[in-house]
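**Q** A structural model of the following input is requested.
(3 chains)
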Amino acid sequence: METPKNNDFFEQVYQVVHLIPKGRATSYGAIAKYLGSARSSRMVGWAMNTAHSRPEIPAHRVVNRNGMLTGKMHFGSPTRMQELLEGEGIQVENDQIINFTELFWNPQEELKL
DNA sequence: CACTTGACTTATT
DNA sequence: TAATAAGCCAAGT
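**A** Numbering: from 1, shown residues only, chains lettered A, B, ... in the order given. Predicted coordinates for the structure are as follows:
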């Protein structure tokens, strides 16, 4: 308790990302907004970058608001993210998720308080 | 210690 | 409708 500061922002991101069901995807802004700051979406991206320190962060299920695999280049291979998504049943075309609107997993509705 | 970059999003021109 | 500006905050240089 002598640490009232909330550095758990990244931890929150890890939790939410880890809660994404298989075959679904969400956006950085959705997570950030769920945490209370829609404009902190960059921090979610930074959290993903640091997520490499975490073993089971399905970052491939997190894409930008267009459903485009913006972070694909940060995986081992530029096609790794797409392979992972397709491996979960998500259709990806031209680095963009098909039916992203239907696959969109909103933490505010699924994890709504 | 100050400036730049970055897995984004929204608003304005 | 498309392009540009601003906002957010942390880490890297």
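**Q** When you work out contacts or count neighbours from here on, use the C-alpha atoms and nothing else.
**A** Will do.
**Q** quick one, helices of chain A?
**A** For chain A, applying DSSP state H gives helices covering A:9-18, A:28-35, A:41-50, A:80-87, A:100-103, A:107-110.
**Q** Quickly compare those helices and say which is most buried.
**A** helix A:28-35 (a mean of 21; mean count of other C-alpha atoms under 10 Å).
**Q** Is it possible to get a markdown table of the helices of chain A that adds distance to residue A:61 and mean pLDDT?
**A** As requested, the helices of chain A are exported to a markdown table (distance: least, C-alpha to C-alpha, whole Å; pLDDT from 0 to 100):
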| stretch | distance to residue A:61 | mean pLDDT |
| --- | --- | --- |
| helix A:9-18 | 8 | 91 |
| helix A:28-35 | 10 | 93 |
| helix A:41-50 | 11 | 93 |
| helix A:80-87 | 7 | 96 |
| helix A:100-103 | 10 | 94 |
| helix A:107-110 | 13 | 88 |
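**Q** of these, which approaches DNA strand C most closely?
**A** helix A:41-50 (5.5 Å; C-alpha to the nearest atom of the strand).
**Q** Give the other helices and strands that that closest one contacts.
**A** Here helix A:41-50 touches helix A:9-18, helix A:28-35, going by 3 or more C-alpha pairs under 8 Å, 6 or more residues apart in numbering; DSSP states H and E.
**Q** near DNA strand B, which residues of chain A show up?
**A** Residues of chain A that fall close to DNA strand B, judged by C-alpha under 7 Å from any atom of the strand: A:27-30, A:38-52, A:59-60, A:63-66, A:70-75.
**Q** Keep only those residues that also lie close to DNA strand C.
**A** For DNA strand C, the contacts drawn from those by C-alpha under 7 Å from any atom of the strand are A:39, A:40, A:41, A:42, A:43, A:46.
**Q** how about a markdown table for the residues you listed, with distance to residue A:9 added?
**A** Shown next, in a markdown table, are those (distance: C-alpha to C-alpha, whole Å):
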| residue | distance to residue A:9 |
| --- | --- |
| A:39 | 14 |
| A:40 | 10 |
| A:41 | 11 |
| A:42 | 12 |
| A:43 | 9 |
| A:46 | 11 |
